[in-house]
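Engineer: Compute the structure for the input listed below.
(chains A, B and C)
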Amino acid sequence: MSSSAPVTTGFSPSGLNPRQREAIHYLDGPLLVLAGAGSGKTRVITEKIVHLIETCEIKPHQIAAITFTNKAALEMSERIAKRMDKSPKGLTIATFHSLGLRMVREEAKTLGYKPGFSIFDSADCLGIINELSGTTDKAKLRWLQTTISLWKNGLLSPVEAAEAAKDEEEAVAARIYRDYANSLHAYQAVDFDDLIRLPVTLLQDSAEIRQKWQDKFRHILVDEYQDTNTAQYRLLQQLTGVRASFTAVGDDDQAIYGWRGADVENLRRLTEDFPQLKVIKLEQNYRSTGKILGAANTLIQNNPKLFAKSLWSEHGPGANINVIACAEGEAEAETVIMKLQGHRFEHRAKFSDYAILYRSNHQARLFEQALRQQRIPYVLSGGQSFFDKAEIKDLLAYLRLLVNDDDDPAFIRAATTPRRGIGSQTLATLGRYAAERQISLFAAMFEEGFAAQVNSRVLQPLREFGEFINRFQWRAQRESAADVFPDLLAAIDYENWLYDQEEARTAETRWANVQEFHAWITKKSDDDGKTLAEIVQTMALMSMLERRDQGEGYDAVQLSTLHAAKGLEFGHVFLVGIEEGILPHRESQEAEKLEEERRLMYVGITRAQRSLHITWCEKRRQGKDLVPCEPSRFIEEMGCETASSASKELVDKSTSTAKLDFLKAMLQKTPEIDPEAPCPPLS
DNA sequence: GCAGATTGGATTTTT
DNA sequence: TCCAATCTGC
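Structural biologist: Predicted coordinates:
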């Protein structure tokens, strides 16, 4: 995303091209900016915000910039802060979800929620669906979860979903959807989808609330507009109202999230719903050299287009695209590493100038292996997120319970971690009683009716736990999160419990995570003055701690899926495993899905600045035997031969290993390159 | 017959 | 890597 645009001819002194300037200055109505890959779209958004504040005298609090990820929001904030020397106070730069959270918080009462309502993550939600469906089949559960999520994102109520159900399976799912929605409300909880859906219903149903929010924002900017789903689009529509003063920035050629409900149709819808819509295309690319851009253009022309775009650049043609056929998977990994080393040596480049991109996660394995063997540092994109770690979820459960004791999933986790003599039998009995009385587990535990059903050995630990939570609830209402949290940690003796559970090494890292978590809470509480409820709710929307140091300054090859690479750029890119069945994926053969696969390839190509290598395997190991593979149709569609003349002869494992050793020996003689460069941490 | 080990297979991911 | 299915040894 960090496109440091080199200054080329034909620029205004500000370094903006005419189209960009037009997009920044246009304020007469709704605007759609079709920003091709590498055309400086983030720049346009930031400059437009600056322009609105500095020249149009719009107050920062009247502007909202909406992104999809925290990372993008953070980057935008930083860019604006840098550009204006300080962060404009009151400016909203938020993800769709955090903006939604803000609205749900402010209107919680109307929605029938208490201020401390919980936000369930997908694991919590899956647990509920599991209970309601009675299935243990994991695949089925996942299907139910995504189906319900798609319904929610499509703004379908359980009743509408039931009416639209086209078979018995979907009818069953619609019933589970209904029960699921009821459960969530009983727990005083919302899921991620609700954070968009609830504001939409709110604005739809109440003219007063609609007016209030429409008056709030005089201009709204949306990044990655092509990734919006129906609910998000409705939210935008309702927030802008008749004034329709917004800037949507997107690229239909980079729409790769259709499978999770994003609808490129929202681009066309914009032209229908806002006939006065102004469309500006950004086609000058500042990222890639000519041949790379040409291939991307040629490939994407195979997709039907609503708005035709053709990227051009002032960079020269640059290096040829290298298509390499490999004998099989391991040879591919070694070939790529060898080429990478050779290329890096030749161009005096850094490891961090290189990215290896693939369709699906497991493809990384062979490359990791080869990189480790060659002692080349690398970083893997994705990975487990901080707030998904068991130790963090444990503690979060306590905090959730303190803020909202209707939160049964949090109750169960907290009550049983660390173990305190509350077993599954006890919880089952408690659960039955609570269900009968239609109350929360927490409330049920204190009732005489429940006490009569169990003996005192069962009851005692429960009551003790209940009083424990009560005490901390009392404190949490009076004291800051920063004060309460360390006492909570001590009271449950979490550190010792960790060391009892795990090997010393893992316990150590886990405890370090807890401390990091602690520091984060302290900061939010003391520095930002956030209440515990706010902290807990914000946390649910974050995947990583906002740490920028990760990976930065560390010279390493990037391994990433194509999806995760969107928005990034690299000097030199290797697209690997570009075969039929992988890209396009064998499950994505129908027209629409195939187009999305093509866009995925397009995203991959356009990540590259200077050089692009594409590899595919003639055979791949499947069990004991090697099965033949075909090069992806996309290679020909981009106007490339499936194997470059330079490597017509297949690179097989033995020759590549020999060359690698030779290269390594050569590198060892080069003083400025350290062959013993640090390897990434093992875990 | 069962636990633990080994093998094999894998869409894509954020909030 | 991670998870599920299959195999091995008792």
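
Engineer: I figured A:Ala296 hits A:Thr606, correct?
Structural biologist: Yes: A:Ala296 is in contact with A:Thr606 according to C-beta atoms under 8 Å; the separation is 5.0 Å. The C-beta positions use only the backbone N, C-alpha and C, and glycine is treated the same way.

Engineer: Neighbour count: these two, which is higher?
Structural biologist: Between A:Ala296 and A:Thr606, counted using other C-beta atoms under 10 Å, the more crowded position is A:Thr606 (30 against 27).

Engineer: I'd like to know how many residues surround the nearest residue to the more buried one once chain neighbours are set aside.
Structural biologist: Distances taken as C-beta to C-beta, 6 or more residues apart in numbering put A:Ala37 closest to A:Thr606, at 3.7 Å, once the chain neighbours are dropped. By other C-beta under 10 Å, 26 other residues sit near A:Ala37.

Engineer: can you count the residues close to the closest residue to DNA strand C within the stretch 301-450 of chain A?
Structural biologist: Of all residues in the stretch 301-450 of chain A, A:Arg365 sits closest to DNA strand C, at 4.3 Å by C-beta to the nearest atom of the strand. The number of residues packed near A:Arg365 is 12, by other C-beta under 10 Å.

Engineer: Determine if any part of whichever strand or helix holds it is in contact with DNA strand B.
Structural biologist: Using DSSP states H and E, A:Arg365 sits within helix A:364-373. Yes: interface with DNA strand B: helix A:364-373 contributes A:Arg365 (C-beta under 7 Å from any atom of the strand).

Engineer: Likewise for stretch A:323-334?
Structural biologist: No: Stretch A:323-334 lies apart from DNA strand B when judged by C-beta under 7 Å from any atom of the strand; the minimum separation is 10.8 Å.

Engineer: So for that stretch, first residue to last residue, what's the gap.
Structural biologist: Start and end residues of stretch A:323-334 are separated by 15 Å (C-alpha to C-alpha, to the nearest Å).

Engineer: With stretch A:408-425 instead?
Structural biologist: 16 Å.

Engineer: before we move on, the earlier item: quick one: residues contacting the residue nearest to A:Thr606.
Structural biologist: Counting by C-beta atoms under 8 Å, 6 or more residues apart in numbering, A:Ala37 touches A:Asp251, A:Asp253, A:Gln254, A:Asn285, A:Arg287, A:Ala296, A:Leu311, A:Tyr602, A:Val603, A:Thr606.

Engineer: out of these, who has the most neighbours?
Structural biologist: Neighbour counts for the contacts of A:Ala37, by other C-beta under 10 Å, peak at A:Thr606, which reaches 30 neighbours.

Engineer: separation between that one and A:Tyr358?
Structural biologist: 16 Å (C-beta to C-beta, to the nearest Å).

Engineer: what's the answer for A:Glu596, then?
Structural biologist: Counting by C-beta to C-beta, the gap from A:Glu596 to A:Tyr358 is 16 Å.

Engineer: which one of those two has more residues nearby?
Structural biologist: Taking neighbours as other C-beta under 10 Å, A:Glu596 and A:Tyr358 compare with A:Tyr358 leading, 24 against 19.

Engineer: tell me the contacts of the more buried one?
Structural biologist: For A:Tyr358, the contact set (C-beta under 8 Å, 6+ apart) comprises A:Ala364, A:Phe367, A:Leu559, A:Ser560, A:Thr561, A:Leu562, A:Leu575, A:Val576, A:Gly577.

Engineer: Recalculate using a threshold of 6 Å.
Structural biologist: A:Tyr358 is in contact with A:Val576, A:Gly577, counting by C-beta atoms under 6 Å, 6 or more residues apart in numbering.

Engineer: Next: A:Ser98.
Structural biologist: A:Ser98 is in contact with A:Leu541, counting by C-beta under 6 Å, 6+ apart.

Engineer: need the residues of chain A near DNA strand B, please.
Structural biologist: A:68-71, A:95-98, A:121-122, A:192-193, A:256, A:259-260, A:359-362, A:365, A:381-382, A:385, A:541-544, A:561, A:563-564, A:585, A:587-588, A:593, A:622-624.

Engineer: Could you report the pLDDT at A:Asp661?
Structural biologist: We have a pLDDT of 61 for A:Asp661.

Engineer: and what of the one 3 residues further on?
Structural biologist: At A:Lys664, the predicted lDDT confidence score is 58.

Engineer: A:Arg505 now?
Structural biologist: A:Arg505 is assigned a pLDDT of 76 by the prediction.

Engineer: can you pull the buried residues of the one helix or strand it maps to?
Structural biologist: Assigned by DSSP H and E, A:Arg505 belongs to helix A:504-522. Along helix A:504-522, these residues count as buried under the neighbour rule (16 or more other C-beta atoms under 10 Å): A:Ala507, A:Arg510, A:Trp511, A:Asn513, A:Val514, A:Phe517, A:Trp520, A:Ile521, A:Thr522.

Engineer: so which of these comes closest to DNA strand B?
Structural biologist: Nearest to DNA strand B out of these is A:Trp520 (C-beta to the nearest atom of the strand; 15.5 Å).

Engineer: so how far is A:Ala512 from that closest one?
Structural biologist: Distance, A:Trp520 to A:Ala512, using C-beta to C-beta: 13 Å.

Engineer: shouldn't A:Gln558 be in contact with A:Asp353?
Structural biologist: No: between A:Gln558 and A:Asp353 there is no contact under C-beta atoms under 6 Å: 9.3 Å.

Engineer: And A:Val627, what's its pLDDT?
Structural biologist: 89.

Engineer: any chance you could map the strands in the stretch 501-650 of chain A?
Structural biologist: Assigned by DSSP state E, counting those that start in this stretch, the stretch 501-650 of chain A shows strands spanning A:557-561, A:570-575, A:608-617, A:619-622, A:625-628.

Engineer: a markdown table for those strands, including distance to A:Leu198 and mean neighbour count?
Structural biologist: Listed next are those as a markdown table, based on distance: least, C-beta to C-beta, whole Å; neighbours: other C-beta atoms under 10 Å:
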| stretch | distance to A:Leu198 | mean neighbour count |
| --- | --- | --- |
| strand A:557-561 | 31 | 23 |
| strand A:570-575 | 39 | 25 |
| strand A:608-617 | 41 | 25 |
| strand A:619-622 | 47 | 14 |
| strand A:625-628 | 49 | 10 |
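
Engineer: Switch those over to a markdown table; also include distance to A:Asn130.
Structural biologist: As requested, these are exported to a markdown table (distance: least, C-beta to C-beta, whole Å):
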| stretch | distance to A:Asn130 |
| --- | --- |
| strand A:557-561 | 28 |
| strand A:570-575 | 38 |
| strand A:608-617 | 39 |
| strand A:619-622 | 33 |
| strand A:625-628 | 36 |
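
Engineer: Mind checking those for the one nearest to DNA strand C?
Structural biologist: Among these, the nearest to DNA strand C by C-beta to the nearest atom of the strand is strand A:557-561 (10.9 Å).
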